[in-house]
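> return atomic coordinates for the entry below.
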Amino acid sequence: MREILESGLWAPSPKNRQPWYFIACGPQYKSLIIAVLKKKMEEMRAESKNFGSLPISITAIEECSDFLLVYNQYPRREPDYNTNRWKADILSIGACIQNMLLAAHGKDVQTLWICDILYAEDEINKLMRTNDELVAGVAFGSGKQKKIPKRPRTGLKDKVVQTE
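Numbers count the residues shown, from 1 in each chain. A predicted model of the protein is given here:
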């Protein structure tokens, strides 16, 4: 896991801001996060609100061997934080997460990039005693979990606009 996390640190970051930091959740906090997410899902269900793929994400967190929360440290700390900085920071954090996912793949460690946790950002932040911006969670397995088939991808012809 150390090598996987370190690979994230090498992600490109405009102005070398490196806006990311991680909270590695041990078994106790992983269980607390799962409880928070289940409670949030039930609240949303009771209000007939869409909670997306939250049940799948909860299962992934339950089954993973390591769970990481990924935060942006700047939005609530810099008085002159603006949209341009936020975009650059979020892109940097996405690159950081991708580096970790690719490193994990190279080690036959299964991963899941989870954004459903954002439904309970306030509750998770309270639990973690932070007011920083929660960006994502990442579940890491051992490669022993059931293999998930590759999802289809849209072809390049549908994603590139050619100009003259």
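> contacts, neighbours, all on C-alpha from now
Will do.
> now for the residue nearest to Gly52 when sequence neighbours are not counted: which residues touch it?
Leaving aside its chain neighbours, Gly52 sits nearest to Asp116 (7.3 Å; criterion: CA to CA, 6 or more residues apart in numbering). Residues counted as contacts of Asp116 (CA atoms under 8 Å, 6 or more residues apart in numbering) are Phe51, Gly52, Ser53, Leu54, Ser57.
> any idea how far the closest residue to Asn50 other than its chain neighbours is from Lys38?
With CA to CA, 6+ apart as the criterion, Asn50 has its nearest non-adjacent residue at 6.9 Å, and that residue is Met44. With distances taken as CA to CA, to the nearest Å, Met44 is found 10 Å from Lys38.
> and Thr130, by the same measure?
Using CA to CA, Thr130 is found at 21 Å from Lys38.
> and what of Leu68?
18 Å.
> between these two, which one's more packed in?
Taking neighbours as other CA atoms under 10 Å, Leu68 and Lys38 compare with Leu68 leading, 21 against 16.
> so which residue is dead centre in this protein?
With distances taken as CA atoms, centre = their mean, Ala136 lies nearest the centre of the chain, 2.4 Å away.
> and it, bridged to which residues?
Note on Ala136: beta-bridge partners by DSSP bridges are Val70.
> I'd like the average pLDDT over the longest helix along the chain.
Across the chain, the helix with the greatest residue count (assigned by DSSP state H) is helix 83-106. The average pLDDT within helix 83-106 is 96.
> return whatever helix or strand comes next after that helix as CSV; C-alpha atoms alone will do.
Later in the chain than helix 83-106, the nearest helix or strand by DSSP states H and E is strand 111-114. Listed next in CSV are the C-alpha coordinates belonging to strand 111-114 (Å, rounded to 0.1, in the frame of the first residue of the first chain):
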residue,chain,number,x,y,z
THR,A,111,-9.7,-0.9,-6.7
LEU,A,112,-12.8,1.1,-6.8
TRP,A,113,-12.9,4.9,-7.1
ILE,A,114,-15.9,5.9,-5.0
